[in-house]
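> please find the sequence and the predicted model below.
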Amino acid sequence: HTGWTALLGERRGGPDVSPYAAPARAVDLSGLPPAFVDVGSAETFRDEDVAYASRLWACGVQAELHVWPGGFHGFDGMAPQAALSQSARAARTDWLRRLLAA
């Protein structure tokens, strides 16, 4: 709840939260562009990120999901030289290259 409260304040969990602030609230995800979703396994929003990627797939949207073992929010920025951070950046770059080459 800490992350959502930081983003939305008292509106957290309320009916007036926009899907732009909380994409998981969108009813129909079809027609969205390809998505790259990566999250650390220790990230506050991990389960929501995984559920979002699963919903994208269910709606026929091209999505790639990575759950980085032991990663926390901002791990790649806080420890950019760590092997996990380098792997995460490489996965993002590779995905973007594949997307742009298609």
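Arrived safely, thanks for sending.
> any idea how far the spatially most central residue of the chain is from Q62?
Central residue of the chain (Cα atoms, centre = their mean): V37, 4.0 Å from the mean position. V37 sits 11 Å away from Q62, taking Cβ to Cβ, to the nearest Å as the criterion. Where C-beta positions appear, they are placed from N, C-alpha and C, glycine not excepted.
> anything in contact with each of these two?
The contact sets of V37 and Q62 overlap at L56 (Cβ atoms under 8 Å, 6 or more residues apart in numbering).
> before we move on, back to that, residue contacts, the residue lying closest to the residue nearest to the centre of the chain once chain neighbours are set aside?
Distances taken as Cβ to Cβ, 6 or more residues apart in numbering place A53 nearest to V37, at 4.4 Å, with adjacent residues excluded. Residues near A53 by Cβ under 8 Å, 6+ apart: 35, 37, 63, 65.
> list buried residues within the residues you listed.
Buried members of the contacts of A53, counted by 16 or more other Cβ atoms under 10 Å: 35, 63, 65.
> mind checking which of those residues are in strands?
Using DSSP state E, the subset of those located in strands is 35, 63, 65.
> my guess is the second one contacts P33. True?
No. With contact taken as Cβ atoms under 8 Å, A63 and P33 are classed as non-touching, separated by 9.9 Å.
> any idea of the pLDDT on L100?
Note for L100: predicted pLDDT of 96.
> try A24
With respect to pLDDT, A24 scores 72.
> next: E10.
68.
> for G14, same thing?
According to the prediction, G14 has pLDDT 67.
> remind me, longest helix of the chain?
helix 83-101 (DSSP state H).
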